[in-house]
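# got a sequence here, can you model it:
(one chain, ligands or ions: 3)
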Amino acid sequence: MRLIVKKYGGTSVATATKIKNIAKKVASESKINKIVVVLSAMGKTTDHLVSLAKKCSKNPDLRDYDLLVSSGEQVSISLLSMALKDLGVDSVAYTGWQAGIKTNNSYSSARIININASKIKNDLKQKKVVIVAGFQGVNNGSITTLGRGGSDTSAVAIAAALKASECQIFTDVDGVYTTDPRVCDSARKIDVVTYEEMLEMSGLGSKVLQLRSVEFASKYNVPVRVMHAHKEGIGTLIKKEEKNVEDALISGLAFTKDESEIMIRGVKDSPGIAASILGPIGEADIEVDMIVQNVGSNGLADFTFTVSRKDFNKAIQVIEKNKKKMNYEEVSATKNIVKVSLIGVGMRSHAGIAGQMFTCLAKKKINIRMISTSEIKISVVIDQKNLENAVKALHNEFKLERK
Ligand code: ADP
Ligand code: ASP
Ligand code: MG
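Ligands and ions are numbered 1, 2, ... in the order given. Okay, the predicted model is just below:
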């Protein structure tokens, strides 16, 4: 018997009918495989809980917040367990802490530090189907949550702890696509993608898998398969890169609308200036993504960087507070930007991809505000209004619709 961890996302468990359908599938597979099911909350439950929290407090206490938002998963796991028992399947449902998922104390974005899987192993030995609430764990007796989309990470971490044969992530698309199929009609499903590429895709904005789940999968070498919850198909397998396989030049296109850009004009072009700006930003716990410094005239320079939109106001406050220390003329900032990235391990051995990307965008009269590259990705920051145009043009330019 193989051991499979199966995770179902919010839309896949949105109604009682969908939960009963999943129960039927799990019941029939439980005759051939050992199964652990990890569930998200039903439909938009978590969004609803988050908005309730905002209505009751301007700045909710994070322990209270996690206690609240983790409750959605408790509903879905209980319902699935009931439905399975109606089908004659012996099942047991656990919240995160009951399943032994220990995390650090970073409420609302906690990291899993250890899973004591002995209880689950024991249940599996007794031929039970084990159902675990995703998105949550425990720290020192307090419930923590793993950040939005965190059930993916729960599933992969449990698969790693149990040394499962595969972790299957069931969702509302039938696999990982060359880009978000909701933005580009010609997006194509990819059959196999490497951990490295998937890390970049998730890190650069494709929310189909939470970034930390891919980090876990890669670290513990867990094969992950993304599949449609209610349709047949092989989905997309995410696994270790194999040598001697001819890798696709470009495997995908990711984008994120979470960015904002801050330009500090007229700073002195002298040693230490980057540190004097980014020091206070870092101390305020704000993560900086891209950085560009343009050498201007009269010994003055412009220093531009991007931060996540959620940190935008905080960053502006820090900069204004430190005006003397940073010694600049003025600040101009915008939230109306996006980051578009091309990803592919095949880029390592091919020159000219960046040039081709920039020429394609130029032909469409799309201005590039910032660029950053690594071995297997090229990212550009552009105006938000050009997002769809850029994604479609690049998808076409690199022939991603074809295999
Ligand atoms: P779940 O609720 O099952 O966790 P998510 O909404 O978190 O589902 O993730 C699935 C969504 O990810 C899809 O509906 C799709 O719009 C989006 N998505 C973004 N980029 C991609 C991509 N490259 N391939 C597939 N889906 C993508
Ligand atoms: N229910 C949580 C969320 O909506 C976790 C998840 O779905 O993965 O973010
Ligand atoms: Mg998700």
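# so how many other residues sit close to the closest residue to ligand 1 within the chain?
Using CB to the nearest ligand atom, the closest approach of the chain to ligand 1 is made by G9 at 1.8 Å. The way it works is simple: take the backbone N, C-alpha and C, and place the C-beta from them, glycine included. Each residue near G9 was counted by other CB atoms under 10 Å, and the total is 23.
# next, the contact list for it, please.
When contacts are counted by CB atoms under 8 Å, 6 or more residues apart in numbering, G9 touches 40, 151, 169-172, 229.
# quick one: the longest helix along the chain near ligand 1?
Longest among the helix segments of the chain by residue count, using DSSP state H, is helix 71-86. No: when contact is scored as CB under 6 Å from any ligand atom, no part of helix 71-86 falls within range of ligand 1; the minimum is 11.6 Å.
# other SSEs contacting that helix?
Counting contacts by 3 or more CB pairs under 8 Å, 6 or more residues apart in numbering; DSSP states H and E, helix 71-86 packs against helix 16-29, strand 33-39, helix 45-56, strand 91-94, strand 129-133.
# list the buried residues of it.
Of all the residues in helix 71-86, those buried under the rule 16 or more other CB atoms under 10 Å are 71-77, 79-81, 83-84.
# stretch 383-402 too?
In terms of neighbour count (16+ other CB under 10 Å), stretch 383-402 has its buried residues at 386-387, 390-395, 397-398, 400.
# could I get these as a markdown table with distance to I35 and secondary structure?
A markdown table is the format used below for the buried residues of stretch 383-402 (distance: CB to CB, whole Å; DSSP: H, G, I helix; E, B strand; the rest coil):
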| residue | distance to I35 | secondary structure |
| --- | --- | --- |
| N386 | 46 | helix |
| L387 | 40 | helix |
| A390 | 42 | helix |
| V391 | 37 | helix |
| K392 | 40 | helix |
| A393 | 44 | helix |
| L394 | 40 | helix |
| H395 | 37 | helix |
| E397 | 43 | helix |
| F398 | 39 | coil |
| L400 | 35 | coil |
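# so what pLDDT did the closest residue to F358 other than its chain neighbours get?
Nearest in space to F358, with sequence neighbours left out and distances taken as CB to CB, 6 or more residues apart in numbering, is I368 at 6.5 Å. I368 is assigned 96 on the pLDDT scale.
# which residues touch I368?
The contact partners of I368, by CB under 8 Å, 6+ apart, come to 358, 361, 380-382.
# could you pull up phi and psi at V192?
When read as degrees, to the nearest 10, the backbone of V192 gives phi -140, psi 140.
# G266 now?
Dihedral angles for G266 - degrees, to the nearest 10 - are phi 70, psi 50.
# which pLDDT does the model give it?
pLDDT, G266: 92.
# shouldn't it be in contact with E330?
Yes: using CB atoms under 8 Å, G266 is in contact with E330, at 6.6 Å.
# compare the two (neighbour count), which wins?
Remark: of G266 and E330, G266 carries more neighbours, 16 against 10, as counted by other CB under 10 Å.
# what segments of the stretch 301-403 of the chain are strands?
Secondary structure of the stretch 301-403 of the chain (DSSP state E, counting those that start in this stretch): strands located at 330-334, 337-343, 370-374, 377-383.
# tell me the most buried of those strands?
Mean neighbour counts were taken over these using mean count of other CB atoms under 10 Å, and the top value, a mean of 25, falls to strand 337-343.
# average pLDDT for that one?
Across strand 337-343, pLDDT averages out at 97.
# and that strand with strand 377-383, angle?
Strand 337-343 runs at 160 degrees relative to strand 377-383, counting by axes from the mean of the first three to the mean of the last three CA atoms, to 10 degrees.
# number the residues from 9 up from this point.
I'll keep to 9 as the first residue from here, and by that count the last item is strand 345-351.
# circling back: now flag whichever of the contacts of I376 is closest to K110.
Taking CB to CB as the measure, K110 lies nearest V389 of the contacts of I376, at 38.5 Å.
# what's the nearest residue to the closest one if we skip its chain neighbours?
Closest residue to V389 apart from its sequence neighbours, by CB to CB, 6+ apart: M378 at 4.0 Å.
# circling back: how much space between the residue nearest to F366 and I345?
Counting by CB to CB, to the nearest Å, the gap from I376 to I345 is 11 Å.
# what is in contact with these two at once?
With the criterion set as CB under 8 Å, 6+ apart, the overlap between the contacts of I376 and I345 is 389-390.
# returning to that earlier point: as JSON lines, the contacts of I376 with pLDDT and distance to ligand 2 would be great.
Rendered in JSON lines, the data for those read as follows (pLDDT from 0 to 100; distance: CB to the nearest ligand atom, whole Å):
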{"residue": "F366", "pLDDT": "96", "distance to ligand 2": "36"}
{"residue": "L369", "pLDDT": "97", "distance to ligand 2": "33"}
{"residue": "V388", "pLDDT": "97", "distance to ligand 2": "28"}
{"residue": "V389", "pLDDT": "97", "distance to ligand 2": "26"}
{"residue": "I390", "pLDDT": "97", "distance to ligand 2": "28"}
